[in-house]
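> sequence? don't have it. structure:
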């Protein structure tokens, strides 16, 4: 199996981009990535997108990408694992290079969510849950994560202040990210007094509806070495599933797929969580960031809330989480998120993250989640030059 | 890169299966496949499905598959390339094994198309075309292939009799396939006098709306060798794209992606088309089978129609095509079709195809197409024992 590097990154500004179609977003991120790598022609393309069908009336997005990038005839694959589709695109591109089928493998994540109204978007997002046992009966994603939040508060005594803190921290980081949808700070009081969505979750506990795309280019390490600039190497990948319906989990406070995926990635990399310098994680809701910290082993179960208050995960903390601003501030175009996590991690490892640069960023981790934790993909990246 | 074998196959009966949900179909085909292989636990799952969102309100189908197969925590990926999603699932599973990431990689293809009404199904299928430049303006797939058929008739003199012949041949083959949706023969007259759909295409030129699933299990050849029964080895894979919109093709009579994918697969296998004993191809419409024959190099451009009349592609012809009955008679649950082509090819290579057995079946080819030819995937399989 070949060692695989990331030699180029690109992303669009994220937000409500009324003037850009899904193919515009796809090509803009990809062309920025190819420019960054100095590569014109790729061998394969993988597109991560959750629901081109329901959001845009457009499946077959991989052929759209190849066609509109001027890369007609290139093999192109679309992958989907709900909100983990982006991470899956990077894993698939990794396999293309690692197996020797491709030299330059382009992974693109994209979602254009504002082509439909709020109700239709809520329906589309709910197809990441169990349609027969959850969505059909009316529950939406804020509702699912609200149940997890209440279970966590009940079992571990997690407080409403702790539940609000990841939003404050992520907006602080995101205020330094020029691509973020909401690049401004919020206070603990603003979060705790924002409009209620699904008790105990309020508007500022939730990631937004976003249009956006991100892209990364993968190649064998021997290619990267000839580029005379810093690059990142994928030293670990872990991917796992869990029951799709919450009702079939033994413990609502535990994200087993996240734990499994992280353990697999760490094992492949020959590392422990103590070797990781920072992480981009899937904070679709603030409770998710708290539960993910615990599942990754950053803190013991139940200690996620207190650790947020102590500043462990702040940009200048011992284990910075979501220096990009996370899904909360940067935005969450669902299929793009996993690729943008890799974009941020590579930016940090190359020392190009500007005001939000993590000090001594040598090894970074990403964690991208589908549904209420029914799938999770973790990548571990190491800086090289 | 490891050499990869197919060590198990399974499929459901295909048809209008009102009593079975998409998760029922998925698990039924997969369990039959695992039984065939004698394997309980897999390392990865890949699901090929075109639009769980639009057909079933259910994305995240890979996690559904892992969950309902009792394989929770197993990494599971859904891939999509419109009607080529099944072929793409097999290619993705191949990469999992070839790269060394997995020992047992399960590929499942599934589509449950009758949960929606005819208009909704037509909308869902049209998302495989270019939404902005084709589907939005009202054209459907019979219309797109009708334009290709008229172009072929105009350029090469292809006749209405020739256009009808693949349906007659495929229904003859399908009448011997117990899993086929329409296992009966039709006459040339019946095809030519059936209800007009999009001139010159009539009902019996078109593949149907179908519910169904198929599954295959991949493993390294060293594992297959220990099984003491015949198996198939994937000796070639080719995958290519083309412009998604017909209006951007130089020649409406030529399927460039099909040609490119086949040439790549043949090159990887070190074979020419003359080394291939039979093929399963994507006859979504009879004109597609004629154009695919030409793109694969089975006949010269323009000779597809006459070759059909001469019996070249009949079960006892020199180059049997679609011994399974093809999409026309067997049915076309879009995401399942590519996996079922592999199912049929392995059945033939193992000598287990019963009355529709191809004589001296040593090397078989599959060709699975998305949209009006905007993507194509070809596998070449060789019999081993």
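The structure has been received and is ready for your questions. Since the model is a prediction, treat every value here as computed from it, not as a measurement.
> and the spatially closest residue to residue A:327 that is not a sequence neighbour, how many neighbours does it have?
Excluding the flanking residues, the one nearest residue A:327 by C-beta to C-beta, 6 or more residues apart in numbering or on different chains is residue A:207, at 3.8 Å. Yep, even glycine has a C-beta here, placed from its N, CA and C like the rest. Using other C-beta atoms under 10 Å in any protein chain shown, residue A:207 has 26 other residues around it.
> over to residue A:160?
For residue A:160, using other C-beta under 10 Å, the count is 16.
> pretty sure it contacts residue A:192?
Yes: here residue A:160 reaches residue A:192: they are 6.2 Å apart, a contact under C-beta atoms under 8 Å.
> OK, contacts around the one residue in the stretch 151-300 of chain A that gets nearest to chain B?
Ranking the residues of the stretch 151-300 of chain A by distance to chain B (C-beta to the nearest C-beta) places residue A:239 first, at 3.7 Å. Residues near residue A:239 by C-beta atoms under 8 Å, 6 or more residues apart in numbering or on different chains: A:87-88, A:91, A:261, A:264, A:375-378, B:75, B:77.
> kindly report the same for residue A:81.
Shown in contact with residue A:81 (C-beta under 8 Å, 6+ apart): A:87-88, A:370, A:375, A:377, B:60, B:62-63, B:76-78.
> okay, and the beta partners of it?
Residue A:81 forms beta bridges with residue A:83, as assigned by DSSP bridges.
> which residues touch residue A:168?
Neighbouring residues of residue A:168 by C-beta under 8 Å, 6+ apart: A:185-188, A:191.
> adding distance to chain B, neighbour count and pLDDT, write the residues you listed out as CSV.
Putting the contacts of residue A:168 into CSV (distance: C-beta to the nearest C-beta, whole Å; neighbours: other C-beta atoms under 10 Å in any protein chain shown; pLDDT from 0 to 100) gives the following:
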residue, distance to chain B, neighbour count, pLDDT
A:185, 34, 15, 98
A:186, 31, 20, 98
A:187, 35, 13, 98
A:188, 34, 15, 98
A:191, 29, 23, 98
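> mind listing which of the residues you listed are in helices?
With helices taken from DSSP state H, the overlap with the contacts of residue A:168 comprises A:188, A:191.
> tell me where the stretch 151-300 of chain A has helices.
For the stretch 151-300 of chain A, helices defined by DSSP state H, counting those that start in this stretch occupy the ranges A:160-174, A:188-192, A:221-225, A:256-269, A:286-296.
> among the ones you listed, which comes closest to residue B:338?
In terms of C-beta to C-beta, the element of those nearest to residue B:338 is helix A:256-269, at 27.7 Å.
> quick one: is the closest one near chain B?
Yes: counting by C-beta under 8 Å from any C-beta of the partner chain, chain B is contacted by helix A:256-269 at A:256-257, A:260.
> relative to helix A:286-296, how tilted is that helix?
On the basis of axes from the mean of the first three to the mean of the last three C-alpha atoms, to 10 degrees, helix A:256-269 is oriented at 40 degrees to helix A:286-296.
> before we move on, the earlier item: most neighbours, which of the residues of helix A:256-269 next to chain B?
Highest neighbour count within the residues of helix A:256-269 next to chain B: residue A:257, with 29 neighbours (other C-beta under 10 Å).
> ok, that residue touching residue A:373?
Yes: assessed by C-beta under 8 Å, residue A:257 is found in contact with residue A:373 at 5.5 Å.
> between the two, what contacts are shared?
In contact with both residue A:257 and residue A:373: residue A:242, using C-beta under 8 Å, 6+ apart.
> show me the domain layout of chain A.
A:4-115+A:210-225, A:118-207+A:237-384 (automatic domain parsing).
> buried sites along stretch A:268-282?
Neighbour-count burial for stretch A:268-282 flags A:268-269, A:271, A:276-282 (criterion: 16 or more other C-beta atoms under 10 Å in any protein chain shown).
> if I look at residue A:19, how far off is residue B:136?
Using C-beta to C-beta, to the nearest Å, residue A:19 is found at 18 Å from residue B:136.
> wait, residue A:336
24 Å.
> so between the two, which is more surrounded?
Between residue A:336 and residue B:136, residue A:336 has the larger neighbour count (other C-beta under 10 Å), namely 36 against 13.
> please report phi then psi for residue A:129.
The phi/psi pair for residue A:129 (degrees, to the nearest 10) reads phi -90, psi -170.
> list the contacts of it.
By C-beta under 8 Å, 6+ apart, residue A:129 lies in contact with A:135, A:139, A:141, A:144, A:244-245, A:371-372, B:60.
> between those, which sits nearest residue A:154?
Checking the contacts of residue A:129 against residue A:154 with C-beta to C-beta, the nearest one is residue A:144 at 16.1 Å.
> in the stretch 251-385 of chain A, which residue sits nearest chain B?
Taking C-beta to the nearest C-beta, the stretch 251-385 of chain A has residue A:374 as its residue nearest chain B, at 4.1 Å.
> and the gap between that residue and residue A:55?
20 Å.
> higher neighbour count, those two?
Remark: of residue A:374 and residue A:55, residue A:374 carries more neighbours, 32 against 25, as counted by other C-beta under 10 Å.
> and the more buried one, how far from residue B:190?
48 Å.
> give me the nearest residue to the most centrally placed residue in chain A, chain neighbours excluded.
With distances taken as C-alpha atoms, centre = their mean, the residue of chain A nearest its centroid is residue A:338 (3.2 Å). Take residue A:338 and drop its neighbours on the chain: the residue closest to it by C-beta to C-beta, 6+ apart is residue A:86, 2.7 Å away.
> state the helix or strand in which that neighbour lies.
Using DSSP states H and E, residue A:86 falls within helix A:85-98.
> relative orientation of the helix or strand just after that helix and helix A:85-98 in degrees?
Scanning forward in sequence from helix A:85-98 by DSSP H and E, the next helix or strand is strand A:105-112. Interaxial angle of strand A:105-112 relative to helix A:85-98 (the same axes, to 10 degrees): 170 degrees.
> same for strand A:105-112, what does it pack against?
helix A:22-37, strand A:44-48, helix A:52-56, helix A:85-98, strand A:211-220, helix A:334-349 (3 or more C-beta pairs under 8 Å, 6 or more residues apart in numbering or on different chains; DSSP states H and E).
> what bridges to residue A:216?
Beta bridges link residue A:216 to residue A:9, residue A:107, judged by DSSP bridges.
> before we move on, back to that, would you turn the contacts of residue A:129 into CSV with distance to residue B:295 and neighbour count?
Shown next, in CSV, are the contacts of residue A:129 (distance: C-beta to C-beta, whole Å; neighbours: other C-beta atoms under 10 Å in any protein chain shown):
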residue, distance to residue B:295, neighbour count
A:135, 42, 22
A:139, 48, 19
A:141, 44, 25
A:144, 47, 24
A:244, 40, 32
A:245, 44, 20
A:371, 40, 31
A:372, 45, 29
B:60, 35, 32
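> how far out from the middle of the chain is stretch A:310-323?
Distance of stretch A:310-323 from the chain centroid (C-alpha atoms, centre = their mean, to the nearest Å) equals 17 Å.
> next, the buried residues of that stretch.
The neighbour-count check on stretch A:310-323 (16+ other C-beta under 10 Å) flags A:312-315, A:317, A:319-323 as buried.
> ok, back up a step: neighbours around the residue nearest to the residue of the stretch 151-300 of chain A closest to chain B when sequence neighbours are not counted, how many?
Nearest residue to residue A:239, sequence neighbours excluded (C-beta to C-beta, 6+ apart): residue B:75, at 3.7 Å. By the criterion of other C-beta under 10 Å, residue B:75 has 31 neighbours.
> could you do residue A:166 as well?
For residue A:166, the neighbour count with other C-beta under 10 Å is 29.
> first-to-last residue distance for stretch A:169-182?
The first and final residues of stretch A:169-182 sit 13 Å from each other (C-alpha to C-alpha, to the nearest Å).
> try stretch A:353-361
End-to-end distance for stretch A:353-361, by C-alpha to C-alpha: 11 Å.
> chain center to it, what's the gap?
Taking C-alpha atoms, centre = their mean, one finds the center of stretch A:353-361 at 19 Å from the center of the full chain.
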